[in-house]
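K.L.:
Structure here, sequence nowhere to be found:
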Ligand code: HEC
């Protein structure tokens with residue numbers, strides 16, 4: 001009787017571990033953790049790669065963007081902020097056709113682009 005109780009306990013512990021692993025795994029997968037970027041690191045990356053066009057506050061008024069057509073996007077607007085993280089990530093990755101917005105795929109690793117998305121969210125506040 002007592003032995004069976006112990007076995008039951010073991011089974012429950014194994015099951016618990018298994019379920020935790022199943023549920024926890026997607027969080028470790030990069031495609032699922034796009035939202036978990038680090039905004040502090042994103043700010044540094046933004047200042048290095050984006051500020052020249054998009055401006056210090058993300059309003060599209062950077063010194064390098066004045067002569068561009070189309071002008072750099074104001075990243076604080078609803079038009080940008082209503083986009084989902086994965087959509088912003090895709091734009092940063094692939095750029096925008098027929099504009100000065102070039103893709104950063106191959107220039108920045110995926111996790112740094114997630115950091116940038118996290119910082120764009122801060123600019124929107
Ligand atoms: C050479 C200038 C330039 C640089 C550098 C640049 N961008 Fe852009 N970006 C643009 C322009 C121009 C557009 C608008 C394109 C359009 O209207 O189709 C744009 C559009 C965007 C958009 C789309 C906004 C929307 O809602 O449609 C995002 C997001 C964006 N940029 C993020 C970034 C990030 C992040 C970086 C730095 C990693 C960056 N950009 C660097 C010029 C630039």
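P.N.:
Structure's in. What do you need? Small disclaimer: the values here were computed from a predicted structure and weren't measured.

K.L.:
what bits of this protein have low per-residue confidence?
P.N.:
1-3, 25-35 (pLDDT under 70).

K.L.:
Would you mind naming what in it lies close to the ligand?
P.N.:
For the chain, the residues in contact with the ligand (CB under 6 Å from any ligand atom) are 49-50, 52-54, 64-65, 68, 70, 72-73, 75, 79-80, 83, 88, 91-92, 96, 99-101, 104, 116. Every residue, glycine included, has its C-beta placed from N, CA and C.

K.L.:
Can you flag the buried ones in these?
P.N.:
Among those, those buried by neighbour count (16 or more other CB atoms under 10 Å) are 49-50, 53-54, 65, 72-73, 75, 80, 88, 91-92, 101, 104, 116.

K.L.:
which ones among these are found in helices?
P.N.:
Using DSSP state H, 49, 53-54, 80, 88, 91-92, 116 are the members of these that sit in helices.

K.L.:
okay if I get these as a markdown table plus distance to residue 41?
P.N.:
Supplementary listing: these in a markdown table, determined by distance: CB to CB, whole Å:
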| residue | distance to residue 41 |
| --- | --- |
| 49 | 12 |
| 53 | 20 |
| 54 | 17 |
| 80 | 20 |
| 88 | 16 |
| 91 | 19 |
| 92 | 14 |
| 116 | 9 |
